[in-house]
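**Q** Sequence plus the predicted model coming up.
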Amino acid sequence: MQLADVQETHFEGKKRAAFWNIYPVCSSLILNPSNLTTVLQWQCPPPQSPLPKLSFPPHGLLMSLIDLFFVHRNPLFPLLHRPTFQRDLDSCLHERDRGFGELVLSVCALGARFSSDERIFDDDAPLNSEERGHSAGWKYINQIDILQMQETTPSNALYKSLVVFLSSTSSPGPIWILLSIGVRHAQAVGAHRRTFLGTKPSVQQELWKRAYWALINLDSFTSIFLGRPKATDPAEYDLDLPIECDEEFWEHPDPEQAFKQPLGQTSLSAYWRTFLKLIDILAFAQKNIYAVKKPPEVWGSSDLWGSSWDARVVSELDSALNQWVDNIPHHLRWDPHMQNLIFFEQSCALYCTYYFVQIHVHRPLTSIEQRQHYSGMSYSSLGVCANAARSCLHVLDLHSKRQDFHSPQYLSASLSVTSEPRLIPTQMSNSAVILFNSAIMILLNLWSGKRLGLATDMKREMEDVQLSVRILKGYEKRYQNAGRMW
């Protein structure tokens, strides 16, 4: 091609529709829609039939289920900002916007786990049967069309609420896929980066930050439970931790006073920041101990392959865990007689997860193969795992014994549907699986001790296992996954 030919080439100063449009395109962009719209349908075929209208609970029950969600679920696993959610609900946005309507239904489904109102159960579930308790909330979840969910549905919250609900049922299969989709959608808008939506705090920024950290948390636990790869990688996100400020102080008529926790008032969100620091340690363990190809193999450093690498990583992680537990906020340090029941549940969640992570870090060194290389450290790790399992069981036992929660802040939500105190056993996020993991570790310790000729208290060990079964029996009244673990 000659220079003259290049100079005569005409470049359009606009996008060429044939290469940018997603068909069917808006009729206003088509000169002759009668000729084209019947042809250009291959990329976005129209739905075969309109989605059915969403059916919400009666107003009184709707508000009660939302209260139960924000009292019992949101303080332990922050998903939503109640003032924003309530404003949208009061404006009847759920009746006009399907995305928000489905989010409301998912909140109702999670709140139903803590309700005893007969209207939350499936109409076909037999009375006084185990199936009836397990049907709580499904009439709301089944209205959500997963394939039609929008990637910007309020801060990606719908994906997470679906995962939380399905993870404790007998059909948890979709959660790994849903999590992956949720992570990709959040990354697509840039929620994994520190500079997303600017550097000045805002409600939307904090909601997206909260959303991505929730995805990291769910992804870490789901990959452990299912034995599958993670969708999130600590090397690929740099967003800050959520601000330590309670939701009611996020907004203020004076913008300079927004996101400022009053002096002397303990923040409920201190728990979540502390929890996420622990999840960071867990994520490091997953990448460096449980990966198919560990870093030394990727680097080609043969001197660090196998047991040597595992031992070094476990030693580093052990130090990180010790530092983490030393820095737990004072109001969340373990106290079985803690009067503030929100802080009590948060403390239970922190310590149970801490013991679970401790087991997860040390477990690789307890195998027979590892004992042949690092016998001293392996026996030490076996003891650490057994002690952590017993401690975790002790915490969950005390938590289960305080399930009536006779305190004003809990009864205000629990009594909004029924005049009787709530006696429905509840489990914290992942507590059934953590409990099961602890019981298995106690049994493995008992078996290993007998095989190695070590002195073990079989009676005490089996009492601990039986205790875990009794707690799981309490959980199973509403959570199917608990009934599958004993």
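**A** Done, it's in.

**Q** quick one, phi/psi of residue 169?
**A** Backbone torsions of residue 169, given as degrees, to the nearest 10, read phi -110, psi -180.

**Q** And it, what's its pLDDT?
**A** On pLDDT, residue 169 comes in at 84.

**Q** got it, and residue 289?
**A** Per-residue confidence (pLDDT) for residue 289: 86.

**Q** Residue 430 versus that one, what's the distance?
**A** Residue 289 sits at a distance of 20 Å from residue 430 (criterion: C-beta to C-beta, to the nearest Å). C-beta coordinates here come from the backbone N, C-alpha and C atoms, glycine included.

**Q** Also residue 223?
**A** Residue 223 is 13 Å from residue 430, by C-beta to C-beta.

**Q** same thing with residue 117?
**A** According to C-beta to C-beta, residue 117 stands 26 Å off from residue 430.

**Q** again with residue 212
**A** 19 Å.

**Q** can you check residue 257 too?
**A** Using C-beta to C-beta, one obtains 37 Å as the distance from residue 257 to residue 430.

**Q** Neighbour count: the two, which is higher?
**A** residue 430 (24 against 10; other C-beta atoms under 10 Å).

**Q** Where does the prediction get shaky in the stretch 151-300 of the chain?
**A** Scanning the stretch 151-300 of the chain for pLDDT under 70 picks out the ranges 151-155, 296-300.

**Q** Now do the helices in the stretch 1-150 of the chain.
**A** In the stretch 1-150 of the chain, the helices defined using DSSP state H, counting those that start in this stretch lie at 3-8, 17-20, 33-36, 59-68, 82-90, 93-96, 98-112, 130-134, 138-141.

**Q** scratch that, the stretch 251-400 of the chain is what I was asking about
**A** Going by DSSP H, counting those that start in this stretch, the stretch 251-400 of the chain shows helices at 270-288, 295-299, 307-326, 341-362, 368-373, 375-401.

**Q** Lowest average pLDDT across these?
**A** Here the helices of the stretch 251-400 of the chain differ in mean pLDDT, and the lowest is helix 368-373 at a mean of 52.

**Q** residue contacts, residue 73?
**A** 79, 110-111, 114, 164 (C-beta atoms under 8 Å, 6 or more residues apart in numbering).

**Q** What separation is there between it and residue 236?
**A** Per C-beta to C-beta, residue 73 is found 28 Å from residue 236.

**Q** Same question for residue 254.
**A** Separation of residue 254 from residue 236 (C-beta to C-beta): 37 Å.

**Q** Then residue 336?
**A** 40 Å.

**Q** List the contacts of the nearest residue to residue 357 once chain neighbours are set aside.
**A** The shortest distance from residue 357 to any residue other than its chain neighbours is 5.0 Å, reached at residue 282 (C-beta to C-beta, 6 or more residues apart in numbering). Each residue near residue 282 by C-beta under 8 Å, 6+ apart is listed here: 220, 224, 357, 360.

**Q** what's near enough to touch the third one?
**A** Residue 357 is in contact with 278, 281-282, 285, 321, counting by C-beta under 8 Å, 6+ apart.

**Q** out of those residues, which is most surrounded?
**A** Neighbour counts for the contacts of residue 357 (other C-beta under 10 Å) peak at residue 285, which has 25 neighbours.

**Q** Check the spacing between that one and residue 58 real quick.
**A** Look at residue 285 and residue 58: by C-beta to C-beta, they are 47 Å apart.

**Q** number of nearby residues for residue 381?
**A** So residue 381, with other C-beta under 10 Å, has 26 neighbours.

**Q** wait, it sits on residue 365?
**A** Yes: at 4.0 Å, residue 381 counts as touching residue 365 under the criterion of C-beta atoms under 8 Å.

**Q** what angle separates the helix or strand where residue 222 lies from helix 82-90?
**A** Taking DSSP states H and E as the definition, residue 222 sits inside helix 203-226. If you take axes from the mean of the first three to the mean of the last three C-alpha atoms, to 10 degrees, helix 203-226 sits at 100 degrees to helix 82-90.

**Q** Can you name every helix or strand that helix 203-226 contacts?
**A** If contacts are counted by 3 or more C-beta pairs under 8 Å, 6 or more residues apart in numbering; DSSP states H and E, helix 203-226 sits against helix 157-166, helix 175-189, helix 270-288.

**Q** wait, which of those helices is closest to residue 208?
**A** helix 175-189 (7.3 Å; C-beta to C-beta).

**Q** Neighbours of the nearest residue to residue 89 once chain neighbours are set aside, how many?
**A** Excluding the flanking residues, the one nearest residue 89 by C-beta to C-beta, 6+ apart is residue 104, at 6.7 Å. Counted by other C-beta under 10 Å, the residues lying close to residue 104 total 24.

**Q** try residue 450
**A** 11.

**Q** List the residues that contact the closest residue to it other than its chain neighbours.
**A** Leaving aside its chain neighbours, residue 450 sits nearest to residue 456 (6.6 Å; criterion: C-beta to C-beta, 6+ apart). Contacts for residue 456 were tallied using C-beta under 8 Å, 6+ apart; they are 445-446, 449-450.
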